[in-house]
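K.L.:
Provided below for reference: sequence and predicted model.
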Amino acid sequence: MKEGNSIFQKFLSILRREGGSGVLIRVMNRLKISLPVYFSKRFAYQIYTAMLSDSVGKPSSEFVSLADGDVPYQKTPVKLIAFYLPQFHPIPENDEWWGKGFTEWTNVTKAVPQFVGHYQPHMPGELGYYDLRVPDVQARQIELAQKYGISGFAFHYYWFNGKRLLDKPLEMFMESKNNFSFCLCWANENWTRRWDGQEDDVLIAQVHTPESDLQFIQDISLYFRDERYIRVKGRPLLIVYRPNIIPDINNTVNLWRKYCKDHGLGDPYLVAAQTFWFADPREVGFDAAVEFPPHNMPVTDIRHMMRFANRSYQGHVIDYKEVMQYSMLKERPDYQLFRTVFPGWDNEARKPGRGYSFVFSSPGLYKKWLLNLMKYTLRNVDDPEKRIVFINAWNEWAEGAHLEPDRKYGYAYLQATADALRELDEVGSISCQPIIIFQPGKVGSTSIHTSLERNYQRSGLFVPIYHAHILENIDQQIEFVSRVRTSASNTVKKLLKGKDLRRQIDEHPEISWNVISLVRDPVAQKVSALFQLIDEYIPDWRQRTSSDLIMNMQKILVGQEEFEPERLDSWFDKQIKPIWGIDVLAIPFSSEKGYHIYRDKNLNLIIIRLEDLNRVAKRAFQEFLGFREFEIISTNVGAEKPYHSLYEQFKKIPIPVSYLEKAYSTKYVQHFYTDDEIAKFRSRWAGN
C-alpha cells in the first residue's frame, strides 16, 4: 500500500510541476524506452570510422578558425555571462574520492560514442587539457571570452559549511586584476558520487544553519567589494543554485541582506537558479531567477531513433532543436527572469552509457537560439543593467557544454556568439521601451501605430504600443462625452482603456515611456474628429440628405464644446505636464525641422507635425527610437471611409470667420506653426 501511495504522490508531483503535457511525455518516453535498443555491429564500425577521422585531425564541415577582429563586448546592448567550472586542477578531496590526479579531464577523456553520430569524446582545441593552476590558461580564457563578446564569468562556487573546494582559479582571478567582470553561483548542494546533488553516495554534504549561512555571506563579502563584481543598480548579483533546499530561506535572505547593508556592500541582488523544477524566485524572497537549461524543460526521449553500438545503453537521447524551440516560445513570466542558452549538452562523460545526450546541436542553431533570447531580453527588459543573457557554459567539458574551442568545431561556437552579437547590434540601438501614441484628437495615430508595428517586426522585435487621447481627468471626460453625444459607448470604451494605461504608469514609476504625439492644423484636426465621431453625434446620418447633414455638422463643429479650438491650448498643460512634468509650450519648436524631442527621467517625448510626417519620419524615428530605416505606412485613409464623399463636400463650404479667428489665435497653433503657414490654413477653410 505504501508503494502505491508513493507512486501516486510521484504522479501528483509531476502533474503539479510539468502539467498534463509533461505526464503524457513521460508516458510516451516509458513506452519508447521499453523498446529494445536498435543495435548492430555495423554501427560500431561506423562509429570507429568517425573516431578515426577525428583522431587524425579531420575537422567538421562547421569548423571555424580563430577570428581576426574582436567584438566590443563593453558596448553590446545585451551582456553575455558564461558559467565557469573551476574543476580543472587536482585537489586532495578529489584525489581521495576519485583517485590521484583526478580533474574534470579524467571524465572527459574516457567518454566514447554510444550511437552513430554521437559526438564523443569532446577534445579541446587551442587550450588543450589545461590545468587551471597555470595563470596563463585563465588569462587566455579571458582573452578569448572578450574577443568574442562575452562580458563576464559566473564562477561556480563550492562552499560547504566553511570549507571551500576548487577555489584556486577564483583566487588567481582575484590576484590577477584582469579587466573582466565576474559573479558567483553558489552550488549549494551535496557532492555525490552520482553527480546529481541528491542524498545518495554523498561525498561531502551541504549543511544549512543560521550560523553557516551567516558565515557564507561573510566569506564571499571580499568578492562583493571587488570593482569587477557584476552589479545591478549597485547591488552585487549572487546566484544560488538550489535556494529552495535551504531550510529557513526567508530568515537566511533577511540575514544576508542585513549583513551586506550593515557592512556597506549594498543590498545583494539575489538570483535563484531554475533547477529541479523550482521556478518562482518570489517563493524564496529572491529578486530574480535565472534559467539553467536543460533543467526544467519537458523533453521527449528519441533514443528509439538512434543506431546504437552499445546494446546495454540505458541513457536518454534528446533533440537539441526541441529544447531550443521550447525556450524560444516561452512566455514572459511576471517576475524578473534572466534567460539562458547552452551550446550543447551531453553528460555521457560522467555517466557512461547512462547519460543525457542532446543531439543535432550545431553552431548555427546555437546562434539562432542565442539571438532569439537576446532579442527577447531587449524587448522585455526596460532596465539596461538587467539586460543579461547567461550561457551554460564556458567550460563544462564533461557535460558537453562549452564555448571553448575544440578539435571538431574549432572556434565555431565562439564565432556564432560574436555573429549573434553583431546581428543584435543592428537592432540593439532600437529602443524597446513601451510606446504611447498620445495626442489631442484625430491626428494620424493609426498610421503611426501600423508603421511602428511593421518596423519593429522587421527588426525581429516586439514592443507594446498603446493609444490614448486622455490620461488625466478621465472620469470627467467620460461624463462629458456621455452628456454631449447621442451615443458615446465606443469612446467610453477607449477612455476606460486609457484609465488602465494610466494605472500602469502610476504603478510602475521605474518604467520609461516613449511617447509620440502629432500636432496638426487645428481646424483640420477638429473637422476630422467630427467625421470620425459622426456615428456618435448623428447615428442616423446615412438616412439623411447631404445638404441637411452638412448644415447639421457645421452647427456641431461651431457650437459644440467638444470642438472648441481653444481646448487644444490646454491639452499639453493638462495631459503631459501633470504626468511627466514637461511644459511643452514653454520649449521652442522648430517649424523648419518639423519635430522636437523632449527627454526627461521617465519620458522620451517626440512631437511631430502631421503635415511634415512623410518628410521627416526617417530622420525623426532614427533619432527618437534608433531605427536605421523607418517607413511610414498610410492607413485609415480618408478615401476609404464611408463618409468620404460627404467630407469632400463639407470642405468646400466656408467655415465661419469667428471660428477661424479663435482657431488660429490659440497658443497651440502659434507655437507649432509660422504666420505664413497659419495664413494658408485660414485661407483654405475660408473658401478662398
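P.N.:
That came through fine.
K.L.:
so Val481 touches Glu562, yeah?
P.N.:
Yes - if you go by C-beta atoms under 8 Å, Val481 and Glu562 touch, sitting 7.4 Å apart. Placement of C-beta: from N, CA and C, glycine included.
K.L.:
which SS state does the residue found closest to Thr275 once you drop the neighbours it is linked to in the chain fall under?
P.N.:
Excluding its sequence neighbours, the residue lying closest to Thr275 (C-beta to C-beta, 6 or more residues apart in numbering) is His295, at 4.5 Å. His295 falls in the coil class when you classify it by DSSP: H, G, I helix; E, B strand; the rest coil.
K.L.:
how much space between His295 and Trp345?
P.N.:
For His295, the distance to Trp345 equals 10 Å [C-beta to C-beta, to the nearest Å].
K.L.:
who has more neighbours, the two?
P.N.:
Trp345 (22 against 15; other C-beta atoms under 10 Å).
K.L.:
Phi, psi for Tyr598 please.
P.N.:
When read as degrees, to the nearest 10, the backbone of Tyr598 gives phi -120, psi 130.
K.L.:
Not counting residues beside it along the chain, what's closest to it?
P.N.:
Tyr598 sits nearest to Leu605 (C-beta to C-beta, 6+ apart), 4.3 Å away.
K.L.:
so who does that neighbour touch?
P.N.:
Residues in contact with Leu605 (C-beta atoms under 8 Å, 6 or more residues apart in numbering) are 515-517, 576, 580, 582, 584, 597-599.
K.L.:
ok, so of the residues you listed, who is nearest Ile91?
P.N.:
Of all the contacts of Leu605, Arg599 has the smallest distance to Ile91: 54.1 Å, by C-beta to C-beta.
K.L.:
Packing partners of the helix or strand containing the closest one?
P.N.:
Here Arg599, judged by DSSP states H and E, is contained in strand 595-600. Strand 595-600 sits against strand 603-609, helix 613-625, with contacts defined as 3 or more C-beta pairs under 8 Å, 6 or more residues apart in numbering; DSSP states H and E.
K.L.:
how far off helix 613-625 does the first one point, in degrees?
P.N.:
I take that to be strand 603-609. Interaxial angle, strand 603-609 versus helix 613-625 (axes from the mean of the first three to the mean of the last three C-alpha atoms, to 10 degrees): 170 degrees.
K.L.:
Report the strands that pair with strand 603-609, each with its relative direction.
P.N.:
strand 513-519 (parallel), strand 595-600 (antiparallel) (DSSP bridges).
K.L.:
of these, which approaches Gly687 most closely?
P.N.:
Relative to Gly687, the nearest member of the strands paired with strand 603-609 by C-beta to C-beta is strand 513-519, separated by 24.1 Å.
K.L.:
Can you tell me what sits against the next helix or strand after the closest one?
P.N.:
Later in the chain than strand 513-519, the nearest helix or strand by DSSP H and E is helix 522-532. For helix 522-532, the surrounding residues in contact (C-beta under 8 Å, 6+ apart) are 440-443, 537, 553, 556-557, 563, 565, 568, 638, 641, 643, 646-647, 650-651, 655, 659-660, 663-664, 666, 668-669, 681, 685.
K.L.:
and the closest residue in space to Gly460 that isn't next to it in sequence, what does it touch?
P.N.:
Leaving out its chain neighbours, the residue that sits closest to Gly460 by C-beta to C-beta, 6+ apart is Lys375, at 5.3 Å. Residues in contact with Lys375 (C-beta under 8 Å, 6+ apart) are 424, 427, 460-461.
K.L.:
what is the rounded mean pLDDT of the strand or helix carrying Lys375?
P.N.:
Using DSSP H and E, the element containing Lys375 is helix 363-380. Helix 363-380 comes out with an average pLDDT of 93.
K.L.:
Stretch 277-284 too?
P.N.:
Here stretch 277-284 scores 95 as its mean pLDDT.
K.L.:
May I have the distance across that stretch, first residue to last?
P.N.:
Its start and end residues considered, stretch 277-284 measures 14 Å (C-alpha to C-alpha, to the nearest Å).
K.L.:
from the contacts of Leu605, which single one is nearest Val71?
P.N.:
Arg599 (29.1 Å).
K.L.:
sorry, back to before: okay if I get the contacts of Lys375 as JSON lines plus distance to Ile249?
P.N.:
Below are the contacts of Lys375 laid out as JSON lines (distance: C-beta to C-beta, whole Å):
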{"residue": "Leu424", "distance to Ile249": "36"}
{"residue": "Val427", "distance to Ile249": "39"}
{"residue": "Gly460", "distance to Ile249": "38"}
{"residue": "Leu461", "distance to Ile249": "37"}
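K.L.:
Among the residues you listed, name the ones in helices.
P.N.:
Mapping the contacts of Lys375 onto helices (DSSP state H) picks out 424, 427.
K.L.:
quick one: least confident of the contacts of Lys375?
P.N.:
On pLDDT alone, Gly460 ranks lowest of these, at 74.
K.L.:
what sits up against stretch 107-121?
P.N.:
Applying C-beta under 8 Å, 6+ apart, the external contacts of stretch 107-121 come out as 43, 46-47, 50-51, 122, 129, 306-310, 313, 315, 317, 344, 346, 348-350, 352-353, 357, 359, 397-398, 400, 408.
K.L.:
sorry, that was for stretch 222-236
P.N.:
In this structure, residues lying in contact with stretch 222-236 by C-beta under 8 Å, 6+ apart are 81, 152, 170, 174, 178-184, 237, 260, 265-269, 287, 383, 385-386.
K.L.:
Filter these down to just the buried residues.
P.N.:
Buried members of the contacts of stretch 222-236, counted by 16 or more other C-beta atoms under 10 Å: 81, 152, 170, 178, 180-184, 237, 260, 265-266, 268-269, 287, 386.
K.L.:
Which members of these occur in helices, if any?
P.N.:
Among these, the members falling in helices (DSSP H) are 170, 260.
K.L.:
and Arg332, what is it in contact with?
P.N.:
Residues counted as contacts of Arg332 (C-beta under 8 Å, 6+ apart) are 376, 380.
K.L.:
Surely Val207 forms part of a helix?
P.N.:
No - assigned with three-state DSSP, Val207 falls outside any helix and is coil.
K.L.:
Grab the nearest non-local neighbour of it.
P.N.:
Nearest residue to Val207, sequence neighbours excluded (C-beta to C-beta, 6+ apart): Asn161, at 4.1 Å.
K.L.:
Quick check: pLDDT value at the residue lying closest to Asp583 once chain neighbours are set aside.
P.N.:
Spatial nearest neighbour of Asp583, excluding adjacent residues (C-beta to C-beta, 6+ apart): Lys577 at 5.7 Å. We have a pLDDT of 92 for Lys577.
K.L.:
helix or strand for Lys577, which one?
P.N.:
Lys577 belongs to helix 577-580 when elements are defined using DSSP H and E.
K.L.:
tell me which strands and helices that helix is in contact with?
P.N.:
Right, helix 577-580 is packed against no helix or strand by 3+ C-beta pairs under 8 Å, 6+ apart.
K.L.:
Centre of the chain to that helix, how far?
P.N.:
Counting by C-alpha atoms, centre = their mean, to the nearest Å, helix 577-580 is centred 29 Å from the centre of its parent chain.
K.L.:
Likewise for stretch 435-454?
P.N.:
25 Å.
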